[in-house]
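Asks: what's the 3D shape of this:
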Amino acid sequence: MILALENHLISTQLSSLDDAALVGLACNGREEAFDELVQRHSPRIHAVASRIVGREEAYDVIQDAFISAYRALKSFKNQSQFTTWLHRIALNCCYARIRKHPETNNDLEMPVEVSDARAHPIDVMERRDLRSALERALSEIKIEFRETFVLVEFGDLDYAEAAIVLGVELGTVKSRMSRARGALREKLEAWGYKP
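Replies: I've put the predicted structure just below:
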């Protein structure tokens, strides 16, 4: 009972720390600090990976990304945000997975909306159909447009953070986002959807 209480207190304290403090603790051997970073960032890394390599491969990418991040943690210099550094590692893991298994990049995953459970069944079916079409369209656009779109729309990065992750200029991110949206719109309209 006392151990459970201590673990709860440690968990509560760690969740209140920012990423930089957690990285510092993890570098000093506090594994629970790295566990907090994993819990905090896994959903966004999964959102990005599942839309680049597909849902089946995304779990392996997440594992590879966090293992790589853990091994390289002492080389992280806090010159950028931890989340942008981690997204870059995740993208590198996505690319490695695509090179190893180029044929598995066909089961992209779109989020299911929470409101789906309370909506009218026809509305739910229409949204799912549109999500399915968007998944297909996303898998057919150029990878640099897809990765940029996914980082911004599903990774919750702003344009400046996406530019850092991708190693490109801010204007390039803006251009890629515009081109990605245009390409997606064009494909969806060709298939009879009005995005």
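
Asks: domain assignment for this protein?
Replies: Per automatic domain parsing, the domain ranges recorded for the chain read 1-108, 115-195.

Asks: Tabulate those domains (JSON lines), appending mean neighbour count and mean pLDDT.
Replies: In this view, the C-beta of every residue, glycine as well, is placed from N, C-alpha and C. Below are those laid out as JSON lines (neighbours: other CB atoms under 10 Å; pLDDT from 0 to 100):
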{"stretch": "domain 1-108", "mean neighbour count": "16", "mean pLDDT": "83"}
{"stretch": "domain 115-195", "mean neighbour count": "16", "mean pLDDT": "85"}
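
Asks: residue nearest the centroid of the chain?
Replies: Centroid check for the chain by CA atoms, centre = their mean gives Val48 as the closest residue, at 2.6 Å.

Asks: In contact with that residue, which residues are there?
Replies: Val48 sits next to His87, Ala90, Leu91, Cys94, Val150, Leu151, Phe154, Gly155 when contact means CB atoms under 8 Å, 6 or more residues apart in numbering.

Asks: Just the ones of those in helices?
Replies: Secondary structure from DSSP state H places His87, Ala90, Leu91, Cys94, Val150, Leu151 of those in helices.

Asks: coming back round to it: so, if you compare the contacts of Val48, which one comes nearest to Ala58?
Replies: Cys94 (8.6 Å; CB to CB).

Asks: Could you double-check that the closest one sits in contact with Ile52?
Replies: Yes - with contact defined as CB atoms under 8 Å, Cys94 counts as touching Ile52 (4.5 Å).
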